[in-house]
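1. this one's structure only:
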């Protein structure tokens with residue numbers, strides 16, 4: 001079974017399949033489409049992940065592509081509910097089960113069970129999101145901005161790839177979103193998150209060992 005390490009081969013297969021149907025795309029375009037299918041911003045990000053994975057295998061290190069499953073989970077939440085868009089609320093719900101993001105939220109005293117319940121209620125009760133044709137959900141502009149912002153945060157920290165922690169941090173900039181407001185309800189701030197991510201300081205003055 002193929003995974004993201006087979007992305008180039010998958011792009012070649014996709015390009016051939018589209019050509020057979022009369023849709024011509026360039027090699028670069030097919031690579032970008034495959035990157036999107038894996039839930040990353042662009043081919044360069046996916047390519048870096050592939051290189052990191054190869055190095056990791058050589059050094060017996062763990063895989064270096066931490067957010068793929070989380071992004072897929074967010075899109076799946078929207079898809080299963082037949083939602084037109086994948087929103088920040090879908091993403092935050094997925095981040096509750098992301099090892100890096102959940103560690104930050106726990107350190108910031110967020111009650112994950114309460115947050116999960118409120119997010120689920122919000123998502124399931126907004127009937128305006130549902131579409132009858134069952135088409136694939138599209139990321140909202142806010143969702144895309146969070147992905148891009150998270151990549152910049154990771155780069156600023158000297159990381160090759162973003163983690164769930166950067167995605168979580170990036171949500172705070174979308175202050176008008178219900179996702180950011182639900183975090184605020186839990187009395188979690190961007191400063192709380194930064195203190196833990198950058199310095200290992202938990203909310204209230206404790207550290208990672210506390």
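-> Right, received. Where do you want to start? All of these numbers come straight from a predicted model, not from anything done at the bench.

2. domains of the protein?
-> Structurally, the chain divides into domains by automatic domain parsing as follows: 1-64, 66-210.

3. pick the most buried one from the ones you listed.
-> Highest mean neighbour count of the domains of the chain: domain 66-210, a mean of 18 (counted as mean count of other C-beta atoms under 10 Å). C-betas here are computed from N, CA, C, even on glycine.

4. returning to that earlier point: JSON lines for the domains of the chain, including mean pLDDT?
-> Listed next are the domains of the chain as JSON lines, based on pLDDT from 0 to 100:
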{"stretch": "domain 1-64", "mean pLDDT": "67"}
{"stretch": "domain 66-210", "mean pLDDT": "89"}
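
5. what sits against the closest residue to residue 159 other than its chain neighbours?
-> What sits nearest to residue 159 in space, not counting adjacent residues and going by C-beta to C-beta, 6 or more residues apart in numbering, is residue 166, at 7.9 Å. Contact analysis of residue 166 by C-beta atoms under 8 Å, 6 or more residues apart in numbering lists 149, 150, 151, 153, 154, 157, 159, 197.

6. what is the nearest of those to residue 27?
-> residue 151 (23.2 Å; C-beta to C-beta).

7. after the helix or strand harbouring the closest one, which helix or strand is next?
-> Here residue 151 sits within helix 141-156, counting by DSSP states H and E. Using DSSP H and E, the helix or strand that follows helix 141-156 towards the C-terminus is helix 164-171.

8. off-centre distance for that following helix?
-> 8 Å (C-alpha atoms, centre = their mean, to the nearest Å).

9. kindly report the same for stretch 20-38.
-> From the chain centre to the centre of stretch 20-38 is a distance of 22 Å (C-alpha atoms, centre = their mean).

10. ok, the residue nearest to residue 159 to residue 191 distance?
-> Noted for residue 166: a distance of 16 Å to residue 191, by C-beta to C-beta, to the nearest Å.

11. excluding its backbone neighbours, what's nearest residue 201?
-> Leaving out its chain neighbours, the residue that sits closest to residue 201 by C-beta to C-beta, 6+ apart is residue 195, at 4.4 Å.

12. surely that neighbour and residue 204 touch.
-> No - here residue 195 lies out of contact with residue 204, judged by C-beta atoms under 8 Å, at a distance of 10.3 Å.

13. just the element for residue 31, please.
-> Assessed by DSSP H and E, residue 31 sits inside helix 27-37.

14. which helix or strand contains the most centrally placed residue in the chain?
-> By C-alpha atoms, centre = their mean, the chain has its centre lying nearest to residue 71, at 3.8 Å. Element membership for residue 71 (DSSP H and E) is helix 68-80.
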